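J.: Got a predicted structure plus its sequence, pasted below:
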Amino acid sequence: TSCIARVSDAEERLQYAKIWLEGYAPKEAVFKLSEQLPKEAKNLSEKQRKYLGGLANMISKVKTPQALEKKMYELSKRLDIPTKDAFFAVYITLLGKPYGPKAAWLIMGEKEKATRRFKEVS
C-alpha cells in the first residue's frame, strides 16, 4: 500500500503542477511545442536545416534523453555547425523561441511531433 500511496501523491503533485503552469506560471517559464511550424523556422541556414534533418533521422534510434543529447553534440561536430546555432534551430523549430529547456528532454517528450517538424524544415 505504501507504493500505491506514493503513486497517488505523485499524481496529485503532477495535477497541481499542471494547474500552476496553465494559470500562474510566467510565460518565460512555460515551454510548450507550438501548434504549427513557427514562421521563424523558414529563416534557418542550410547548415541548420541539414542538422535538423540529421536529428530527425536519429530520434527514433535512441532510448534516453542522455543518449540523444550526446548524439546531438556529435552531429553538430560532424556537420561543422556551432552547437549554439544547432540548438537555436531546435528551439525555433519546436517552440518559436531562441531558447528553451534541455533540448534532448524536450524532444524525447514529443518524439513523433519533433521528428515531423524537423523533417518539414529540412
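T.: Arrived safely, thanks for sending.
J.: which residue packs closest to L94, ignoring adjacent ones?
T.: L33 (5.3 Å; C-beta to C-beta, 6 or more residues apart in numbering). Every C-beta, even on glycine, is put in place using the N, C-alpha and C of the backbone.
J.: dump the residue contacts of that neighbour.
T.: L94, L95, L106, E110, K113, A114, R117 (C-beta atoms under 8 Å, 6 or more residues apart in numbering).
J.: Likewise for S34?
T.: L94, L95, G96.
J.: Name the secondary structure element that contains the residue nearest to L94.
T.: Using DSSP states H and E, L33 sits within no helix or strand.
J.: all helices of this protein, in order?
T.: 2-23, 46-58, 65-78, 83-95, 103-109, 111-121 (DSSP state H).
J.: for the chain, where's the lowest mean pLDDT among helices and strands?
T.: Scoring the helices and strands of the chain by mean pLDDT, DSSP states H and E places helix 2-23 at the bottom, with a mean of 68.
J.: re earlier: most neighbours among the contacts of S34, please name it.
T.: L94 (26 neighbours; other C-beta atoms under 10 Å).
J.: so what's that residue scoring on pLDDT?
T.: pLDDT, L94: 94.
J.: measure it to W105 for me?
T.: Per C-beta to C-beta, to the nearest Å, L94 is found 12 Å from W105.
J.: try M58
T.: 16 Å.
J.: Next, the contact list for the residue lying closest to M72 once chain neighbours are set aside, please.
T.: Leaving aside its chain neighbours, M72 sits nearest to A104 (6.2 Å; criterion: C-beta to C-beta, 6+ apart). Contact analysis of A104 by C-beta under 8 Å, 6+ apart lists P65, Q66, L68, E69, M72.
J.: Just the buried residues of those residues.
T.: P65, L68, E69, M72 (16 or more other C-beta atoms under 10 Å).
J.: which of the residues you listed lies closest to Y51?
T.: Nearest to Y51 among these: M72, at 8.7 Å, using C-beta to C-beta.
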